[in-house]
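Asker: just a sequence and a predicted model for now, questions to come.
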Amino acid sequence: MDYKQEKIMITKKEVENLAKLSKLKFTEEELENFTKDMAEIIDFADTINQNIDGADFAAANERTAEWDGLREDEVQPSLPNEEILSNAEGEDGYFVVRRNCLK
Amino acid sequence: MRDTISALSNLLHTGKISSVELTKQYIEEIKKQNPVLNAYVHPEFDFALKSAERADKMLKEGNASPLCGIPMTLKDNISTKGMETTCCSRILQGYKPFYDATVWEKLYAQGAVLLGKTNMDEFAMGSTCETSCYGGALNPRDLTRVPGGSSGGGASAVCANLAAYALGSDTGGSIRQPASFCGVVGLKPTYGAVSRCGLIAYGSSLDQIGPITTGVKDAAIVFDAIKGLDKRDGTSVNCDMTSIADRLGKEIKGLKIGVVEEYFDGIDEGIRQSVEDALRFFESRGAQIVRFSLPALKLALPVYYIIACAEASSNLGRYDGIRFGYQAEKYTSVEDMIVSVRSEAFGKEVKRRIMLGSYVLSSGYYDAYYKKARLLRGKISADFEEAFRTKCDLILAPTAPNTAFPLHYSNENRIEMYLSDICTVPVNIAGVPSVSIPCGTDKNGLPVGMQFIGKKFDEFTILNAAYDYANNGGKGVPDQQGGVLL
């Protein structure tokens, strides 16, 4: 197999779209580097589509996790509001996003 | 030779030493060595001393657990109420959970003494511990090398005797690979055997908490203490709750040990030699070696990275800078605030994996990558099940294709880093248990690890085989204090 010909291509524009989906943003320079990185990584992920001699995937099935059934749907006390808010800005029992940072 | 948990427990239960005295010894050692090793990122010495006083009371009252009063550490992704838990990421800096992880709740109820939280790759994404926002930890056996990852801090701490044992998490090898790099023991339990409640998620269908220890019996003792069904984790399973530690030492004559060809593709010659030596050891003990091939394992790496990153891109979607952790200074809208927080506070490797996850889940690529990976996962799981049903009782394999990497090696060799997880990821994909123990050293004197892989919920068989090796002349690695560490 000619590895180079098979190489997956990814454009800067596609990477920008992925960043958008991922709620991330990059500077122009970072974007250049990430486009290179992503091409390399996706190329690696694409080895999943290689054929492996001797492996029979015809009978393959998706699996779901094993589990021990459902618990009773009983009302439990909620987590205490003050404790949940202790890691962030809170006011009157709500999370607060400061408006003064908005331009 | 290092004291095992059993030996320390004996000293504590007979009153030869108090937990406070023992804890102070560990704290002194941490103060001395941690500035170099960087194994601990959040020491909690005041809490440790208070817990030790409490443990001494529990010991006096009698009927205390074998873990009562024993100083230990947790990986920085295991939640501890009111104590900083950051996954070694800037995005969680300052975050103090308001509940305890089930594993820590169980250990604390038994009188465990927590010395602090240990270093890891950011969000457990890495094989070197170097993506930590606090800088990586070092390998106590060679300070120019990494301790492995992602539970590198825990393995480094246990190796250097900065904790009697550690809890780590293993998504694709993050307990076993650092255990092998540092020459200690690491157990990845069966998926579902240990509750994940309070473990900050990376790849939820792969993550599992387990112990890092200096001895095989120690790993069994800690596993016995943390296993079991938990109503707060829907994937936890009601497994056999009888003690494994008490049953170790069963004869292994007639045990069928599987050797899978694919595990030896492209591994270092020194590692192959060490594992072959171990196989000869087991033959001399009356075990039967069965060699076979599992071709689907060749696809385990991309399957793992696709599934883990897809789950990570979803799991890490919760970090928005509103409810906890890092906050943005300036923003133009709520959307911009969330994007700024994530862009400023996630490290590069985390961003790469989130982006790969977004890619394999996006329309047009979903079927070719994510769906295909799920199908292949089913195939790999079925292959393991069939092997354990028809061929062998356990599989013996190298833990990693190499010994500890030099520092900073991963920066330039990213794909090589991904490839180095080849021996560990199949176990997570199939959800089966595996324990890594030292089995000699390579030409540079670095520890080599081998892993015993078993069928689901049969931790006993793999731990018993490892215990047999450790107690009947298996190689191990030289301990810094003179003895053979196993």
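Answerer: It's in.
Asker: now for the residue nearest the centre of chain A: which residues touch it?
Answerer: Residue closest to the average C-alpha location in chain A (CA atoms, centre = their mean): residue A:22, at 6.7 Å. For residue A:22, the contacting residues are B:313, B:342, B:351, B:354, B:355, B:357, B:358, by CB atoms under 8 Å, 6 or more residues apart in numbering or on different chains. Backbone N, C-alpha and C define where each C-beta goes, glycine included.
Asker: just confirm the first one is within a helix.
Answerer: Yes - counting by DSSP: H, G, I helix; E, B strand; the rest coil, residue B:313 is found in a helix.
Asker: and it, how far from chain A?
Answerer: Residue B:313 sits 6 Å away from chain A, going by CB to the nearest CB, to the nearest Å.
Asker: same question, the fourth one
Answerer: Counting by CB to the nearest CB, the gap from residue B:354 to chain A is 5 Å.
Asker: got phi/psi on that residue?
Answerer: Phi and psi for residue B:354, reported as degrees, to the nearest 10, are phi -60, psi -40.
Asker: kindly report the same for the fifth one.
Answerer: Torsion angles at residue B:355 (phi, psi; degrees, to the nearest 10) stand at phi -70, psi -40.
Asker: where does pLDDT dip in the chain?
Answerer: Going with chain A. A:1-7, A:52-61, A:63-68, A:100-103 (pLDDT under 70).
Asker: nope, chain B
Answerer: Along chain B, segments meeting pLDDT under 70 span B:1, B:478-486.
Asker: spatially central, which residue of it would that be?
Answerer: residue B:175 (1.9 Å).
Asker: give me the distance between that one and chain A.
Answerer: Counting by CB to the nearest CB, the gap from residue B:175 to chain A is 20 Å.
Asker: what is the neighbour count of residue B:291?
Answerer: 12 (other CB atoms under 10 Å in any protein chain shown).
Asker: re earlier: so the residue nearest to the centre of chain B sits against residue B:189, correct?
Answerer: No - the criterion here is CB atoms under 8 Å, and residue B:175 misses it with residue B:189 at 9.4 Å.
Asker: out of the contacts of residue A:22, who's nearest residue B:374?
Answerer: For the contacts of residue A:22, the minimum distance to residue B:374 (CB to CB) is 13.8 Å, reached by residue B:357.
Asker: can you map out the helices along chain A?
Answerer: A:3-6, A:12-21, A:28-45, A:81-85 (DSSP state H).
Asker: mean neighbour count for the ones you listed - can I get that in TSV?
Answerer: As requested, those are exported to TSV (neighbours: other CB atoms under 10 Å in any protein chain shown):
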stretch	mean neighbour count
helix A:3-6	8
helix A:12-21	16
helix A:28-45	17
helix A:81-85	14
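Asker: so what's residue 94 up against?
Answerer: Picked chain A for this. By CB under 8 Å, 6+ apart, the contact list for residue A:94 is empty.
Asker: hmm, I had chain B in mind actually
Answerer: Contacts of residue B:94 (CB under 8 Å, 6+ apart): A:87, B:84, B:86, B:325, B:326.
Asker: if I look at residue B:119, how far off is chain A?
Answerer: In terms of CB to the nearest CB, residue B:119 sits 22 Å off from chain A.
Asker: quick one: neighbours of that residue, just the number.
Answerer: When counting by other CB under 10 Å, one arrives at 34 neighbours for residue B:119.
Asker: I'd say it and residue B:128 touch.
Answerer: No - using CB under 8 Å, residue B:119 is not in contact with residue B:128; the gap is 11.1 Å.
Asker: joint contacts of the two?
Answerer: Taking CB under 8 Å, 6+ apart as the criterion, residue B:119 and residue B:128 both touch B:136, B:152.
Asker: skipping its backbone neighbours, what lies nearest residue B:237 in space?
Answerer: In space, and not counting its chain neighbours, residue B:237 is closest to residue B:192: 3.8 Å by CB to CB, 6 or more residues apart in numbering or on different chains.
Asker: list the residues that contact residue A:45.
Answerer: B:302, B:305, B:306, B:356, B:359, B:360, B:369.
Asker: redo those residues as CSV? Include neighbour count and distance to residue B:32.
Answerer: Below are the contacts of residue A:45 laid out as CSV (neighbours: other CB atoms under 10 Å in any protein chain shown; distance: CB to CB, whole Å):
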residue, neighbour count, distance to residue B:32
B:302, 23, 44
B:305, 26, 39
B:306, 27, 44
B:356, 26, 41
B:359, 28, 46
B:360, 25, 46
B:369, 26, 49
